[in-house]
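Enquirer: need coordinates for the below:
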Amino acid sequence: MKLGINIGYWQRDPEDATETVLAAERQGYDSVFTAEAYGSDAFTTLAWYGARTSRIKLGTAVVQMSARTPAATAMHALTLDALSGGRLILGLGASGPQVVEGWYGVPFPKPLARTREYVDILRKVWARERPVTSDGPHYPLPYPGGAGLGKPLRSITHPLRPDIPVYLGAEGPKNIALAAELADGWLPLFVDPQQIDSLFGGSLAGRKPGFEITATVTTVVAPLEQALAWAKVPLAFYIGGMGAKEKNFHLDLIGRLGYAEEAAHVQKLFLEGRRDEAINAVPDELADSISLLGPLERIKERLELWKSSPVTTLLLAGVKDEPTLKAIRELVDA
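Expert: So this is what the prediction gives:
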């Protein structure tokens with residue numbers, strides 16, 4: 001099992017994670033991933049860290065499809081991949097209707113069909129075999145309207161790699177099955193290693209050899225009670241705030257993990273503005289099952305669950321110092 005880090009969203013003060021990324025590279029970590037939602041973007045920070053490193057892979061977990069046309073994302077990807085010497089892993093996500101329609105101002109319906117078209121156009125751009133066309137209803141190329149002067153075009157830049165890896169961030173069974181069919185990897189969030197096979201084995205059945213499962217795992221090395229308190233904060237935010245009350249894919253996922261009633265209560269508290277109560281209402285068992293929490297001796301035991309799961313790369317979220325990065329790498333390698 002490989003190790004990486006997920007440094008998530010960039011915040012202006014004081015979030016320059018260069019020292020953490022350099023430490024991860026020194027310690028032999030395989031990859032660093034960045035994220036975006038409705039604040040900082042993923043590509044700029046990844047380019048910043050990529051310019052300061054030489055080996056570690058550069059991933060997005062995830063780039064929002066609705067933020068850019070497929071051609072724009074393909075351009076970002078081929079540029080960063082070439083400048084970094086072929087280190088990019090492009091993680092994509094469809095997000096949810098609250099963010100897609102409320103922030104990006106585009107329609108959300110039919111995310112599976114949109115994802116299929118999106119990935120197809122990306123690969124046509126990178127392959128550069130002919131001018132790019134697409135007859136799908138979501139991203140038609142050329143655009144069938146406007147001035148009527150659009151024509152199929154081929155990238156004027158030759159990609160370093162015509163097959164940049166594409167991973168999909170997916171939580172529902174159909175979306176995970178689409179990742180197994182179309183993509184080179186799956187980026188699960190909030191996943192219990194002991195339930196991957198039982199909950200998602202059917203969806204993953206069609207994955208090709210070499211398919212990567214790269215899981216982000218909140219990791220806190222501290223006394224267990226303190227670690228649990230930290231791990232509950234992002235859980236409460238995603239359950240309560242990262243989605244509409246009527247449609248929240250994170251809430252649905254937690255329900256599939258066996259905590260539907262508890263998740264509904266967390267959401268209610270969060271939407272009522274009772275944030276501290278929402279955090280406290282996240283079950284200890286849930287936070288523990290999808291995280292790595294406690295002293296190093298306990299994390300060593302918990303790592304065995306991940307090692308015996310289908311996960312191929314573990315992305316540590318929350319670890320910033322080199323001694324802890326080194327200690328966990330040694331535990332994984334043991």
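
Enquirer: what residues go with each domain of the protein?
Expert: Dividing the chain into domains by automatic domain parsing, as the record does, gives the ranges 2-220+295-333, 222-290.

Enquirer: and those domains as TSV, adding mean pLDDT and mean neighbour count?
Expert: Yep, even glycine has a C-beta here, placed from its N, CA and C like the rest. As requested, these are exported to TSV (pLDDT from 0 to 100; neighbours: other CB atoms under 10 Å):
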stretch	mean pLDDT	mean neighbour count
domain 2-220+295-333	96	18
domain 222-290	93	18
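
Enquirer: now do the closest residue to residue 125 other than its chain neighbours against residue 164, distance only.
Expert: On the basis of CB to CB, 6 or more residues apart in numbering, the spatially nearest residue to residue 125 that is not a chain neighbour turns out to be residue 74, at 3.8 Å. The gap separating residue 74 from residue 164 is 9 Å, by CB to CB, to the nearest Å.

Enquirer: find the residue closest to residue 82 in space, skipping its chain neighbours.
Expert: Across the structure, with CB to CB, 6+ apart as the measure, the residue nearest residue 82 apart from its sequence neighbours is residue 160 (4.0 Å).

Enquirer: quick one, what contacts that neighbour?
Expert: For residue 160, the set of contacting residues under the criterion of CB atoms under 8 Å, 6 or more residues apart in numbering consists of 78, 81-82, 85-86.

Enquirer: kindly recompute the last result at 7 Å.
Expert: If you count contacts by CB atoms under 7 Å, 6 or more residues apart in numbering, residue 160 has them with 81-82, 86.

Enquirer: can you give me the strands in the stretch 101-250 of the chain?
Expert: The residue ranges that make up the strands of the stretch 101-250 of the chain, judged by DSSP state E, counting those that start in this stretch, are 166-169, 185-187, 212-220.

Enquirer: between those, which gets nearest to residue 247?
Expert: Set against residue 247 and scored by CB to CB, the strands of the stretch 101-250 of the chain come closest in strand 166-169, at 16.6 Å.

Enquirer: the closest one: how far from the chain's middle?
Expert: Here the centre of mass of C-alpha atoms in strand 166-169, compared against the chain's by CA atoms, centre = their mean, to the nearest Å, lies 7 Å away.

Enquirer: tell me the helices and strands packed up against it.
Expert: Helices and strands touching strand 166-169, as assessed by 3 or more CB pairs under 7 Å, 6 or more residues apart in numbering; DSSP states H and E, comprise strand 88-93, helix 111-127, strand 185-187.

Enquirer: possible to save those as JSON lines with distance to residue 317?
Expert: JSON lines is the format used below for the helices and strands packed on strand 166-169 (distance: least, CB to CB, whole Å):
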{"stretch": "strand 88-93", "distance to residue 317": "14"}
{"stretch": "helix 111-127", "distance to residue 317": "24"}
{"stretch": "strand 185-187", "distance to residue 317": "12"}
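
Enquirer: now the residue nearest the centre of the chain, nearest residue through space, not along the chain?
Expert: Among the residues of the chain, the smallest C-alpha distance to the mean C-alpha position (CA atoms, centre = their mean) belongs to residue 61, namely 2.7 Å. If you skip the residues right next to it in sequence, residue 61 has residue 33 as its closest partner in space, 4.1 Å away by CB to CB, 6+ apart.
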